[in-house]
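K.L.:
return a 3D structure for these sequence lines:
(2 chains, ligands or ions: 1)
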Amino acid sequence: MDAKMVFLILTFSISVLGMLAFVVALIQKQVLVPASAAKSIFGPNELGHSEPDSKGRMGDQWRALDQSAKVPILFFIVSSTLWLVLGSIFGLFASLKLHTPEFLGTQALLTFGKVRTLHLNIITYGWLSPAALGVAMWLVPRLTKVPLQNVRTLFSAGIIWNIGVVLGCIGILLGVTDGLEWLEFWWPIDILLAVAGAMVAIPLFKTVYLSKEKHLYVTMWYTICALIWFPVLFVIANTHFLHSGVQQAIANWWFAHNVLGLWVTPLGLGIIYYLLPKIIGHPIASYQLSLFGFWGLALFYSQVGMHHLLGGPIPTWLGNLSVVMSAGMAIPVITVAINHHVSTYKHFHVLKDSVVLRFIVFGAMSYTISSLQGSLHSLRTFNYITHFTHWTVSHAHLGLYGFTTMVLFGGIYFALPRLVGRNFKSPQLLNLHFWVASLGIIIYAVSLGIGGWLQGEELRNIHGSFEQSMKLTVPYLVIRSIGGTLMLLSHLLMLYNVISILRSEKGEVVK
Amino acid sequence: MNKAYIFVFGGISTITLSIFLFVLAPRIQVAVIDKEAVSAQTPYTENELRGRQSYIENGCVYCHSQQVRDPVAGADQHFGWGRPSLPSDYIYDKPHLLGTMRTGPDLSNIGSRQPSRDWHHLHLYDPRSLVEWSIMPGFPFMYDVVVSVESPKEGAIRIPGKTDHWIIPKEEAEDLVSYMMSLKRDREPMKASEVAQ
Ligand code: HEM
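P.N.:
Predicted coordinates for the structure are as follows:
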């Protein structure tokens, strides 16, 4: 029997055994969680009181846990903020070049193809991943009631990860890449990222092992699984000798969608699941529902990738499978939506006081919208219009910016004061950041959504022409640049906010 | 015991199932398809491969797809982009360059559609000199420009609208255009049994 068959049988049996074990666990009631576990995130006297953005007396009981891994968490947050600014500068360059090709001239190093690739990779591996890890790992001690273990390992992981991103970007500039979208970093450099990702898992699992909580809170489910999924995905997708031709395209988009669905999304959702109830001071609407949401995501999201290749030269069954799974995503999305939005709706007034909550709620709403949008445009009728167009780019930003990035902004603004033991000097700048960023992403997503849709209609029009499909997008591309400029401005504000809270004033008591 | 193991096992089994469906099964199926149909493609030459590399480095794939859809899905064939793509069209492609954006036209059969090397060179040098509405970036760094009344060198191309400006393609440009010329995915693939006859 050849190696392929052995692999085939092996993976099939592991997954079937896993499913069986899961069913058995279900029957034995191992899986269901008591609703009381939803209250475990509140300390004494916290339940029923909304938590202000600023660090107050209320938060003091958490101080030892919050600051148990101060240095590495700060490193993750600050480095990712710098990447965010750099990445959005490249994004804006790419955007301007799309409607004004002569912008910045025609140097080899700043051609659209390089600028766009730098944007995507810096944003994904420089900003989203480390920022999400920083906030998610900061929450781990709060959720296990144990100080974070192996703090040094976490710090080294952060450093190795960042070295990887720097080298990867240099590679892109010099043309040393793997040539696959989302996997451009040259494979030897990917080893650094894979190792760093696995190193982050060590403190996580060690802390979970020592956990004093009887039941793990939802956030932990998402964080644990994300840290299992990412290294597996990343290593398999980057083992290039396994892949070629059409099959490589399939593996490529399998990875590209999973890096969103099984990495960035679970980390982001976990953060919402913690901060939303915490700030409004009431547990999540239905704790059992969150269980469905979680397992639905694990099962469905891992199989949606082929909607990126519908109509292309891939086996039909594979496309159909992804269409079904993409539609199925509506189930976990709606359950998560009920949980988030019902909780918000009941305590809407807290939004008036908490900027952090505004970020989180904006993120939760974008998650619902962009996910339902995703289920819809995976259906063939819709996909035939939106495929190959700027609609996809609009959708990507609604998901990764409107949802993940906004949630991370909120998470960072919540964590920083509690991490450094000091409050923001000018909280109104946080509010300004929120409004500028929101306006920016709304302009971005709406304009490109409309432009992309019209472009797609034209690409289907047998009496039309390619020329028409391109020309009509230009005004929308211009509006996108306006939205993008606002987003970049808001990131500069954020950089200022982060730097200002880190610089302690003379005479101020640092606790 | 905090039941973390349920999530660890559950997470591992869902990802394994997904690997099975999306990495291993297609690998086997596509290999079978490739065996049955002899590709209409020929292996890339060394020049073409170097051109392919500069196609990757300059990010052409972020604007150009190389996959033609079925007529139900789009007007691809009306735009002259050729027949729907087949897995066997890509057996020499590594890394694959299928692409998922059509900011520019599909290039599956650009070698048949636009057979003039000079056109490609002028277009790469400055797309807007040929296609005034284009938003494609120019790649003038792949060319030397010479001012001369006579042709300065074999292979030099006069810039349209100017009497004395010529571009001389550097090796990178020649390779890239050779790669463009090699893209002819409009021929029908043959069954292995037909080839044998
Ligand atoms: C943290 C914030 C951001 C995230 C997470 C993000 C994410 C992404 C992603 C995932 C893509 C690939 C889309 C696809 O191929 O389907 C992309 C492309 C792009 N982004 Fe961003 N982005 C961010 C900020 C920005 C900003 C501020 C701008 C400024 C205008 C921008 C402009 C672009 C452009 C022009 C592209 C290329 C689209 C194309 O190839 O047609 N992005 N971004």
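K.L.:
as a whole number, average confidence for the helix or strand hosting residue A:22?
P.N.:
Element membership for residue A:22, per DSSP states H and E: helix A:3-27. Mean per-residue pLDDT for helix A:3-27: 70.
K.L.:
what element comes up after that helix heading to the C-terminus?
P.N.:
Taking DSSP H and E, what comes next after helix A:3-27 is helix A:63-66.
K.L.:
packing partners of that following helix?
P.N.:
helix A:129-144, helix A:406-420 (3 or more Cβ pairs under 8 Å, 6 or more residues apart in numbering or on different chains; DSSP states H and E). Backbone N, C-alpha and C define where each C-beta goes, glycine included.
K.L.:
now those as CSV including mean pLDDT, mean neighbour count and distance to chain B?
P.N.:
CSV is the format used below for those (pLDDT from 0 to 100; neighbours: other Cβ atoms under 10 Å in any protein chain shown; distance: least, Cβ to the nearest Cβ, whole Å):
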stretch, mean pLDDT, mean neighbour count, distance to chain B
helix A:129-144, 96, 25, 8
helix A:406-420, 96, 25, 21
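K.L.:
any chance of JSON lines for these, columns distance to the ligand?
P.N.:
Shown next, in JSON lines, are the helices and strands packed on helix A:63-66 (distance: least, Cβ to the nearest ligand atom, whole Å):
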{"stretch": "helix A:129-144", "distance to the ligand": "9"}
{"stretch": "helix A:406-420", "distance to the ligand": "9"}
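K.L.:
check contacts around whatever residue of chain A ends up closest to chain B.
P.N.:
Chain B sits closest to residue A:113 of chain A, with a gap of 1.6 Å, by Cβ to the nearest Cβ. Residue A:113 is in contact with B:57, B:58, B:59, B:60, B:61, B:62, B:63, B:137, counting by Cβ atoms under 8 Å, 6 or more residues apart in numbering or on different chains.
K.L.:
what residues are up against the closest residue to it other than its chain neighbours?
P.N.:
Leaving aside its chain neighbours, residue A:113 sits nearest to residue B:59 (1.6 Å; criterion: Cβ to Cβ, 6 or more residues apart in numbering or on different chains). By Cβ under 8 Å, 6+ apart, residue B:59 lies in contact with A:111, A:112, A:113, A:114, A:116, A:117.
K.L.:
what's the helix or strand for the residue of chain A closest to chain B?
P.N.:
Judged by DSSP H and E, residue A:113 forms part of helix A:112-121.
K.L.:
how far out from the middle of the chain is that helix?
P.N.:
19 Å (Cα atoms, centre = their mean, to the nearest Å).
K.L.:
for the record, mean pLDDT for that helix?
P.N.:
On average, helix A:112-121 scores 97.
K.L.:
close to the ligand: what parts of chain B are there?
P.N.:
B:62, B:101, B:103 (Cβ under 6 Å from any ligand atom).
K.L.:
now do the same for residue B:70: its pLDDT.
P.N.:
87.
K.L.:
picking up where we left off before, compare the residues of chain B next to the ligand and tell me which has the most neighbours.
P.N.:
Neighbour counts for the residues of chain B next to the ligand (other Cβ atoms under 10 Å in any protein chain shown) peak at residue B:103, which has 22 neighbours.
K.L.:
can you report how many residues lie near residue 42?
P.N.:
I'll assume chain A. 17.
K.L.:
not what I meant, chain B
P.N.:
Residue B:42 - counted by other Cβ under 10 Å - has 10 other residues nearby.
K.L.:
so which strand or helix has the closest residue to the ligand within the stretch 151-300 of chain A?
P.N.:
The nearest approach of the stretch 151-300 of chain A to the ligand comes at residue A:181, 7.0 Å away (Cβ to the nearest ligand atom). Secondary structure assignment for residue A:181, by DSSP H and E: no helix or strand.
K.L.:
could you measure from it over to residue A:301?
P.N.:
Relative to residue A:301, residue A:181 is positioned 19 Å away (Cβ to Cβ, to the nearest Å).
K.L.:
so which of those two has more stuff around it?
P.N.:
residue A:301 (27 against 24).
K.L.:
can you name the residue of the stretch 401-511 of chain A nearest to the ligand?
P.N.:
residue A:484 (2.0 Å).
K.L.:
how about low-confidence regions in chain B?
P.N.:
Applying pLDDT under 70 to chain B flags residues B:1-2, B:36, B:39, B:190-197.
K.L.:
domain map for it?
P.N.:
For chain B, automatic domain parsing gives the domain ranges B:8-37, B:38-191.
K.L.:
so what does the top helix by length along chain B touch, helix or strand wise?
P.N.:
Secondary structure assigned by DSSP state H gives helix B:4-19 as the longest helix of chain B. With contacts taken as 3+ Cβ pairs under 8 Å, 6+ apart, helix B:4-19 sits against helix A:3-27, helix A:218-238.
K.L.:
distance to the ligand added to the ones you listed, as TSV?
P.N.:
Shown next, in TSV, are the helices and strands packed on helix B:4-19 (distance: least, Cβ to the nearest ligand atom, whole Å):
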stretch	distance to the ligand
helix A:3-27	29
helix A:218-238	16
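K.L.:
most tightly surrounded among those helices?
P.N.:
helix A:218-238 (a mean of 24; mean count of other Cβ atoms under 10 Å in any protein chain shown).
K.L.:
against which helices or strands is it packed?
P.N.:
Counting by 3+ Cβ pairs under 8 Å, 6+ apart, helix A:218-238 packs on helix A:129-144, helix A:187-210, helix A:245-259, helix A:265-280, helix A:287-296, helix B:4-19.
K.L.:
try 6 Å this time
P.N.:
Packing partners of helix A:218-238 (3 or more Cβ pairs under 6 Å, 6 or more residues apart in numbering or on different chains; DSSP states H and E): helix A:129-144, helix A:187-210, helix A:245-259, helix A:265-280, helix B:4-19.
K.L.:
residue A:62: which of the ones you listed is closest?
P.N.:
helix A:129-144 (6.1 Å; Cβ to Cβ).
K.L.:
so what's residue 163 closest to, chain neighbours aside?
P.N.:
This is for chain A. residue A:192 (6.2 Å).
K.L.:
was after chain B, sorry
P.N.:
residue B:149 (7.2 Å).
K.L.:
wait, is the one you found part of a helix?
P.N.:
No - applying DSSP: H, G, I helix; E, B strand; the rest coil, one finds residue B:149 to be coil, outside a helix.
K.L.:
that one against residue B:165, yeah?
P.N.:
No - using Cβ atoms under 6 Å, residue B:149 is not in contact with residue B:165, being 10.4 Å away.
K.L.:
show me which of these two is the more surrounded one.
P.N.:
When residue B:149 and residue B:165 are compared for neighbours, residue B:165 comes out ahead with 14 against 8, by other Cβ under 10 Å.
K.L.:
for the more buried one, which non-adjacent residue is spatially closest?
P.N.:
residue B:159 (4.5 Å).
K.L.:
burial count for the one you found?
P.N.:
Residues lying near residue B:159 (other Cβ under 10 Å) number 16.
K.L.:
please report phi then psi for the residue of the stretch 151-300 of chain A closest to the ligand.
P.N.:
Main-chain torsions, residue A:181, degrees, to the nearest 10: phi -60, psi 140.
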